[in-house]
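[1] got a sequence here, can you model it:
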Amino acid sequence: MKIDDLKYIIDLYIDGELEKGKEPFLFTALSQDGEAREYFKAVNYLKNNIQQNSEPYPSSLDKRVLRSIGNSTTKQPALFTNKNIYLFLACSAAAVFIFISALFYGRSEDYKRQSEDYKEQFFTLSREVKKQNSDLQLILNAMPEIQVKSGYFRTKEIVVKANL
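    Reported below is the predicted structural model:
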């Protein structure tokens, strides 16, 4: 058994809290372990000396304690003493920082929603532009050739084709 567990059991025995069924186990362990025996002797010696040297509690001490408590509670501290002013300032600064952070957080959520709306609008417009571009390409490629004739006899015929 570990020495710490044995010391715990010894402490329970000295305090009178050890179960009666575990006492034989304690004394068997004490007969086998020298360090535990020394600890038991030291704790038992302390307990006996404390019991022998303790003085009875004087009744006049109660009156003195109660009077000193009454005197200290009747004195009301000022609201803004040096110690309290720093506490008040610290709490005020913390409240202001919390308010500002909540305000900025709310604003950032609004900006986040707006940026998402702008992204959606941008993607919608991009799709429309691509569709219009493809429609224009189809229209331009579907047009027939253009022929331009001049009014002079000496010029050759000019043919202009749309190549897109």
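[2] report the central residue of this structure.
    In the chain, the C-alpha nearest the mean C-alpha coordinate belongs to Ile98, at 15.2 Å (C-alpha atoms, centre = their mean).
[3] distance check, that one against Glu55.
    Spatial separation of Ile98 from Glu55 under the definition C-beta to C-beta, to the nearest Å is 55 Å. Where C-beta positions appear, they are placed from N, C-alpha and C, glycine not excepted.
[4] could you do Leu103 as well?
    For Leu103, the distance to Glu55 - C-beta to C-beta - is 65 Å.
[5] then Lys2?
    Look at Lys2 and Glu55: by C-beta to C-beta, they are 39 Å apart.
[6] wait, Ala29 touches Tyr39, no?
    No - between Ala29 and Tyr39 there is no contact under C-beta atoms under 8 Å: 11.3 Å.
[7] what's the overlap in contacts for the two?
    Overlap of the contact sets of Ala29 and Tyr39 (by C-beta atoms under 8 Å, 6 or more residues apart in numbering) consists of Leu6.
[8] quick check: which ranges of this protein have low pLDDT?
    By pLDDT under 70, the low-scoring segments of the chain are 1, 70-83, 144-164.
[9] domain assignment for it?
    Following automatic domain parsing, one gets these domains for the chain: 3-55, 82-164.
[10] so how far is the last one off the chain centroid?
    Put simply, domain 82-164 sits 39 Å off its chain's centre (C-alpha atoms, centre = their mean, to the nearest Å).
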